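Colleague: Test case, fold it:
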Amino acid sequence: MKILLDTCTFLWILLDAPELSESARALVMDPDNEIFLSAVSDWEIALKWSLGRLPFPDEPSKYVPAQRNKHGISSLALDEESALHVIRLPEFHRDPFDRMLVSQALVHGLVILTPDRLVSQYPARVTW
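Modeller: Numbers count the residues shown, from 1 in each chain. Predicted structure coming up:
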């Protein structure tokens with residue numbers, strides 16, 4: 001299965017947080033699954049870090065790729081098709097980062113790993 005991580009899911013993986021469901025943890029640990037972190041999540045993380053809302057031990061440009069590699073997570077670039085597809089989405093979710101992740105999942109045939117119930121209203125495949 002090809003899985004796109006929601007930003008919060010990625011952060012919970014790094015922290016081994018209790019908010020990460022057992023099924024989500026199992027999906028990430030399964031070597032048969034391809035796990036992706038979007039550049040959109042990188043952008044969201046960088047913005048939150050610059051506002052002092054993410055206390056990383058190093059700046060995101062170093063910390064995020066190092067952690068992504070440590071956990072066997074691939075990077076997913078934001079492509080033009082995904083960026084333009086976002087206008088086709090209904091307004092279920094106001095968060096532009098989540099809307100773009102939904103768009104990427106639809107365009108690239110990915111399953112979104114998220115606890116966000118609003119994301120599950122879209123036609124993208126979602127699991128938690």
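
Colleague: can you map out the strands along the chain?
Modeller: Using DSSP state E, the strands of the chain run over 2-5, 34-38, 74-76, 111-113, 125-127.

Colleague: In JSON lines, list these along with mean neighbour count.
Modeller: Just so you know, the C-beta spots here come from the backbone N, C-alpha and C atoms, and that holds for glycine as well. Shown next, in JSON lines, are the strands of the chain (neighbours: other Cβ atoms under 10 Å):
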{"stretch": "strand 2-5", "mean neighbour count": "22"}
{"stretch": "strand 34-38", "mean neighbour count": "22"}
{"stretch": "strand 74-76", "mean neighbour count": "16"}
{"stretch": "strand 111-113", "mean neighbour count": "23"}
{"stretch": "strand 125-127", "mean neighbour count": "17"}
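
Colleague: looking at these, which is closest to residue 92?
Modeller: strand 125-127 (11.9 Å; Cβ to Cβ).

Colleague: Which strands and helices lie in contact with that closest one?
Modeller: Secondary-structure packing of strand 125-127 (3 or more Cβ pairs under 8 Å, 6 or more residues apart in numbering; DSSP states H and E): helix 22-29, strand 111-113.

Colleague: Let me know which of the strands of the chain is the nearest to residue 89.
Modeller: For residue 89, the closest of the strands of the chain is strand 111-113, at 12.9 Å, according to Cβ to Cβ.

Colleague: Neighbouring strands - and their directions - for that closest one?
Modeller: Take DSSP bridges as the rule and strand 111-113 pairs in its sheet with strand 2-5 (parallel), strand 125-127 (parallel).

Colleague: Show the model's pLDDT score for residue 62.
Modeller: At residue 62, the model reports a pLDDT of 97.
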